Every structure is written in structure tokens, then in C-alpha cells.
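Visitor: this is a predicted model, with the sequence first.
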Amino acid sequence: MKTGIDAISFDVANIHLPIKTLAVARNIEPEKLEKGLGLLKMTLPDVHQDAVVFGANALTKLILDNEINLNEISRIYVGTESAIDSSKPISSFLISLMEQKFGEDALAECDVVDFTFACIGGVDALQNCLDFVKLNPSKKAIVVTTDFAKYDLNSTGEYTQGAGALAMLITSNPRIIAFGDNWATSTKGVFDFFKPYRTISKEAIINNESNDPWFDNLEAEIEIHKDQPVFDGQYSNQCYMDRTRNAYFSFKKLKNTTETLYNTWNSIIMHLPYSFQGRRMLSEIYALDHAEKIISENIEPADYQNKIKEVAKSEEYKKFVTEKLQPAELASSLIGNLYTGSIFMGLLSTLAHYYDTKNDVAGSSFGFLAYGSGSKSKVFEGTIQPEWQSALAKTKLFENLTASTEIGLETYESLHKKEQKQSVLTPKNEWVLDRIEKEIPNLLGARYYKWID
Ligand SMILES: CC(C)(COP(=O)([O-])OP(=O)([O-])OC[C@H]1O[C@@H](n2cnc3c(N)ncnc32)[C@H](O)[C@@H]1OP(=O)([O-])[O-])[C@@H](O)C(=O)NCCC(=O)NCCSC(=O)C[C@@](C)(O)CC(=O)[O-]
């Protein structure tokens, strides 16, 4: 029996800053960002949007577009690293919003939980749901990935920001993609990118903030959480490379094959923190696993990096990138990093590209190289199913992305600093953040959402 993704929907932020505008403002050569990293636009949330809003919108679309009977959904597992609460998971918010829209008891017996492991949390949620469906073939699950990739202003991560969510229906005999049983993992505990709680004194808060009575009960110091990560960009690239390489070669062992695996894959879907990350990182695996062994096992360490750079510049590798990686990069260039959703957006981008160019890829094999900082990689593969085109007919990914509204630098910075009070776009047919409770002591900080027709 096959298990995999039966339906996909998405909701990404529909305002963006052109990457050129940011490059000029930060005194960076636009060509570096556009041609070196493959960035064109950077999406960001409007005033009324957060990770719950994106997740709820993607989930609502999935339910409505596919006429899903919610009584059939046994679990909704969320991958996210943009939690808005240390106790109440985003999945709990999603349940309450679905109750508002589809009725009190719609998901009363549904199991929900969040998975957090940086960008790979969505893949962890998927793997769990696939195992569940394998054991219970008549049951269905939904995976939601939702994040706001926010970096400090003027940091090297600033041009890789993005925001949005995907929702995927996981079933037996799926219409879009069926996954294989082999999953290879490579893990190592590192500090390449993380979002620590930071200590701040009560005095500093009171001096900066209002007379909110909540502050009276504070200890001398409290720990606050910031959306933006602490990170070391080049080291995070090294961790990405090391984990994906190790997972790739473990995957070959699991499959008990000496075949050059990526040659058997029509498309390669990787975690893309920015569009060209996959092509920049895969050249090492390509060189190591090439049929004619571009890098021999006995190469001198000093020559190793030079050889990989040479491979990355070769015409053969460029052709390989165009064929196998580029379709997944298209959406990333227009969105930016989606953290947990990035790898699934790569899948959707590839399928939407083949859909729009009328190329039936049914029966072809896709390889997946997932990564999450901290750090972990998983490598797995799937086969595109005969009904993939009809299952994606309503998705219209690129139509949606080109309709995004451009904003200027001033609006971007004011949204980033949370100084903007008025939404840039008027919400329609979507969930919005309505208010955050500021008065009632036992509900302080509770976030409320509503549907706007
Ligand atoms: C990603 C970095 C490190 C990039 O860092 P950087 O210093 O901006 O860029 P770079 O120097 O690494 O690369 C610039 C590229 O542009 C080229 N270039 C230069 N000038 C020109 C020009 N004029 N015309 C054309 N090309 C030009 C240059 O040659 C080079 O390409 P290469 O040759 O190496 O392929 C930075 O943006 C960053 O720190 N980002 C945040 C962290 C990150 O995204 N890390 C990625 C790996 S970790 C990960 O993926 C997990 C993550 C981040 O998603 C979090 C999670 O798991 O939750």
C-alpha cells in the first residue's frame, strides 16, 4: 500500500520588498543577491498576520478546496519554529479556528501537536503522519508547516526573510506523491542557528514599557524571547553541507546501492533558506558520488575544496542544476525562506512548474534532502502519482505569487520594528489576528483571531 501527499495548499505573505530595494539600502551589490543567491523578492507578514494566521489560512484552503470531511481527520501535526506561546501549541490555535469556521465538534477527536526542530520540524511531522497512516490505512492526517523567517535588520540573514504556510493531506493511495520506506538521518548538536531566551532586568523593561500591572509581578530578571535568531551564516552552511552529505550516503547504504542516486531522481527537492542554497551545497555530494568519481577518496585535503568549486562551475553541473534543481528554486526566489515550509514549497514549485509547462511527470522519482539547524538532515524519496495534475488544479502557485503587492523600504522597516499600526492590504476571505488581550489578568497575552469574509 502507498502512503503520501494527497492534496496541498499554501498561504504566503502577499506583500513583498524587491530584493534590489534592500540591496541598495544596505549598500550591497544587487547582483550578489540576485545572481549569487537567486533572490528576487522578500515576503513579510502584514500587521494582521502571524504564524497562526498563515497556518489557519493554508488549512482552511486545504479543507475547502478538497471538500475534506473533518470527521475523517485523525491528526493535525504542525511543523513550526515560530511558536507564539511556550505552552499552547500553534496546533491548539488551529483547532479553535477550525471550530469557529466548521462547527464546535468538527475536530473533537483529532490529535494535534507541534513539532519543533528548526526548519526540519515539518518533515518530522510528515514522517510521523506517514507512519501513522501506514498502520491505519483508512485514516487521514494533515501536516501544516507555518513560519515567519525574521532576521535582524542589517544582518546577513536580512535578505533571506520570508513568511507563509503549507497544509498537506496525508493518506493511503495518495494522488500527488507516494513516499518510499527508506529514510536516512544525520544528526549533530551544534549552535549554527538558534533562538535563545535572553535575560533582561525588570528595571530595563519598566523603563522602556508602559505601566502594565503585569510587570509588577516580575522577578528581578526575566527571560524574553526574540523572533530573530542568533546565527553564524557560513558555519550554518557548513553544518547544512555536512548533515546532508552524511544523510545522503546513509540513504545509499539503506537502499544497499552503489548507484549514483541523484541520477535516478528527476527532481531534487532540498531545504532552501534562499533560492540557490541547494545548488551551492549539492556540488560536494555531486563530486563525491559522481559515476566517474570527480573526487577520489585519496585527494589531499587542501585540494578538496578547490575541486568542489571547480565542479560547481562546470558546464555539466550547471546543466544538472537546470534540470533537477531549478524548478524547486522558482518559488523560493519570489518568497524567501519559509523555514519548515521551504522544502514543501520546493516540491510545490517543481510540480506547479511542470503543471504550467504541461509536462506530465507521473511515475518519476523525486529525491528529498531536508535540513534543520541545530542540526539534522533527512534524506528520502517519493514517486509522483498519476492523478497529481488534477489534485493540484486549484493551486495556481505562480499566479498567486506574481499578484503579490510591492512595498517600499520605509513600510518594510516599520513592519519589521512592529511600529506599523495599519494593515498594508485590506484582508478578504482570510483569518486575521484580531487582538491580543491586555486588560484581563488571567487572560493577559491571549491572542484572538477572526475570519474576515
Ligand atoms: C546564507 C548566507 C550565509 C550567505 O552569506 P553571504 O555572506 O551573504 O554570501 P556568500 O558570500 O556566502 O555568497 C554570495 C554568493 O554570491 C556570489 N556573488 C557575490 N557578488 C556577486 C555579483 N556581483 N554577481 C554575481 N554573484 C555574486 C558569490 O560568488 C557567492 O556565490 P558562490 O560563488 O559561493 O556560489 C547569509 O545570507 C546568512 O547568514 N543567512 C542566514 C543563515 C542561513 O540561511 N544559512 C543557510 C544554511 S542553515 C539553514 O538552511 C537553516 C535555516 C537558516 O533555514 C534555519 C532553520 O533550520 O530553521
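Guide: Noted; the coordinates are in hand.
Visitor: in a strand, that's where Glu223 is, yeah?
Guide: Yes. The assignment for Glu223 is a strand, going by DSSP: H, G, I helix; E, B strand; the rest coil.
Visitor: report the contact partners of Lys20.
Guide: With contacts defined as CB atoms under 8 Å, 6 or more residues apart in numbering, the neighbours of Lys20 are Pro30, Leu33, Glu34. All C-beta spots, glycine's among them, are computed from the backbone N, C-alpha and C.
Visitor: quick one: which of those residues is most hemmed in?
Guide: Sorting the contacts of Lys20 by how many neighbours each has (other CB atoms under 10 Å) puts Leu33 first, at 22 neighbours.
Visitor: these two touch, right, that one and Leu17?
Guide: No. Between Leu33 and Leu17 there is no contact under CB atoms under 8 Å: 11.7 Å.
Visitor: on that earlier part again, for the contacts of Lys20, give me CSV that also has pLDDT.
Guide: Compiled in CSV, the contacts of Lys20 are given as follows (pLDDT from 0 to 100):
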residue, pLDDT
Pro30, 98
Leu33, 98
Glu34, 98
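Visitor: so which of those residues comes closest to Ala23?
Guide: Nearest to Ala23 among these, counting by CB to CB, is Pro30 at 4.2 Å.
Visitor: so where do the helices sit in the stretch 101-250 of the chain?
Guide: 121-135, 202-208, 233-255 (DSSP state H, counting those that start in this stretch).
Visitor: ends of stretch 27-43, how far apart?
Guide: 20 Å (CA to CA, to the nearest Å).
Visitor: tell me if it is near the ligand.
Guide: Yes. Counting by CB under 6 Å from any ligand atom, the ligand is contacted by stretch 27-43 at Glu29, Glu31, Lys32, Lys35, Gly36, Leu37.
Visitor: alongside the ligand, which residues does the stretch 301-450 of the chain contribute?
Guide: Neighbours of the ligand within the stretch 301-450 of the chain, by CB under 6 Å from any ligand atom: Asn337, Tyr339, Tyr371, Gly372, Ser373.
Visitor: who are the contact partners of whatever residue of the stretch 101-250 of the chain ends up closest to the ligand?
Guide: Going by CB to the nearest ligand atom, the ligand is nearest to Gly233 of the stretch 101-250 of the chain, at 2.2 Å. By CB under 8 Å, 6+ apart, Gly233 lies in contact with Thr156, Gly157.
Visitor: show me where pLDDT drops low in the stretch 101-250 of the chain?
Guide: 206, 208-219 (pLDDT under 70).
Visitor: residues of it that sit close to the ligand?
Guide: For the stretch 101-250 of the chain, the residues in contact with the ligand (CB under 6 Å from any ligand atom) are Ala118, Cys119, Thr156, Gly157, Thr160, Phe193, Phe231, Gly233, Gln234, Ser236, Asn237, Tyr240.
Visitor: select only the buried ones of the residues you listed in PyMOL?
Guide: With 16 or more other CB atoms under 10 Å as the criterion, this PyMOL line picks the buried residues out of these:
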select buried, resi 118+119+157+160+193+231+236+240
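Visitor: about what we covered before: so which of the helices of the stretch 101-250 of the chain gets nearest Pro174?
Guide: Smallest distance to Pro174 across the helices of the stretch 101-250 of the chain (CB to CB): 9.0 Å, for helix 121-135.
Visitor: and the closest one, what does it pack against?
Guide: Applying 3 or more CB pairs under 8 Å, 6 or more residues apart in numbering; DSSP states H and E, we find helix 121-135 packed against strand 3-12, strand 73-79, strand 111-115, strand 140-149, strand 162-172, helix 342-356, strand 365-372, strand 376-384.
Visitor: now these in JSON lines, with distance to Ala220?
Guide: Below are these laid out as JSON lines (distance: least, CB to CB, whole Å):
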{"stretch": "strand 3-12", "distance to Ala220": "42"}
{"stretch": "strand 73-79", "distance to Ala220": "35"}
{"stretch": "strand 111-115", "distance to Ala220": "31"}
{"stretch": "strand 140-149", "distance to Ala220": "31"}
{"stretch": "strand 162-172", "distance to Ala220": "35"}
{"stretch": "helix 342-356", "distance to Ala220": "40"}
{"stretch": "strand 365-372", "distance to Ala220": "35"}
{"stretch": "strand 376-384", "distance to Ala220": "37"}
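Visitor: out of those, which is closest to Ala446?
Guide: Per CB to CB, nearest to Ala446 of these: strand 111-115, 17.7 Å.
Visitor: what lines up beside that closest one in the sheet?
Guide: Paired neighbours of strand 111-115 in the sheet (DSSP bridges): strand 73-79 (parallel).
Visitor: neighbours of the closest residue to Lys394 other than its chain neighbours, how many?
Guide: In space, Lys394 comes closest to Asp65 once its chain neighbours are excluded; the distance is 4.9 Å by CB to CB, 6 or more residues apart in numbering. Number of residues near Asp65 (other CB under 10 Å) recorded here: 15.
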